[in-house]
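S.K.: what would the 3D arrangement of this be:
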Amino acid sequence: MRPLLTFSSFATEGDWDFVYIYSAVDATGTATETLHGSELPDPILASGAALAVQYVSDGSVVADDFVGTFTCVADPCAEEAVLVDS
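M.R.: So this is what the prediction gives:
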């Protein structure tokens, strides 16, 4: 199973407030996604078994922020894998 993050609304201060997504159990390392502004992002599927979200704001302008939902989905690679005997 892998986490899937789907946003139902998204509005941060563009170029100043950021949502960082990590395919990890915490917000260390390099973010796999960096989001900001008002465009609704596509759903984000973790590359592994964990997904972390970090919100960083400069606090100067208040926007509507964001709403997201986590769900767990079956690993699409496992479902599509085919074993071929050669």
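S.K.: where does pLDDT dip in this protein?
M.R.: Filtered on pLDDT under 70, the chain yields the residue ranges 76-86.
S.K.: do a quick rundown of the strands in it.
M.R.: 2-11, 18-22, 33-35, 44-45, 52-56, 65-73 (DSSP state E).
S.K.: which one of those strands is the most hemmed in?
M.R.: Among the strands of the chain, ranked by average contacts under mean count of other C-beta atoms under 10 Å, first place goes to strand 18-22 (a mean of 19). Quick note: C-beta positions are derived from backbone N, CA and C, even for glycine.
S.K.: tilt between that one and strand 52-56?
M.R.: Put simply, strand 18-22 runs at 160 degrees to strand 52-56, going by axes from the mean of the first three to the mean of the last three C-alpha atoms, to 10 degrees.
S.K.: can you check what angle separates strand 18-22 from strand 65-73?
M.R.: Orientation of strand 18-22 against strand 65-73 (the same axes, to 10 degrees) gives an angle of 10 degrees.
S.K.: can you give me how far strand 18-22 is from the chain middle?
M.R.: When distances are taken as C-alpha atoms, centre = their mean, to the nearest Å, strand 18-22 is centred 7 Å away from the chain's centroid.
S.K.: so what touches that strand?
M.R.: Outside strand 18-22, the residues within contact range by C-beta atoms under 8 Å, 6 or more residues apart in numbering are 5, 10, 12, 27-36, 44, 51-57, 66.
S.K.: apply 6 Å and report the result again.
M.R.: With contacts defined as C-beta atoms under 6 Å, 6 or more residues apart in numbering, strand 18-22 is touched by 31, 32, 33, 34, 35, 36, 44, 52, 53, 54, 55, 56.
S.K.: okay if I get those residues as a markdown table plus distance to residue 18?
M.R.: Below are the contacts of strand 18-22 laid out as a markdown table (distance: C-beta to C-beta, whole Å):
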| residue | distance to residue 18 |
| --- | --- |
| 31 | 9 |
| 32 | 13 |
| 33 | 10 |
| 34 | 6 |
| 35 | 7 |
| 36 | 5 |
| 44 | 14 |
| 52 | 14 |
| 53 | 11 |
| 54 | 8 |
| 55 | 7 |
| 56 | 5 |
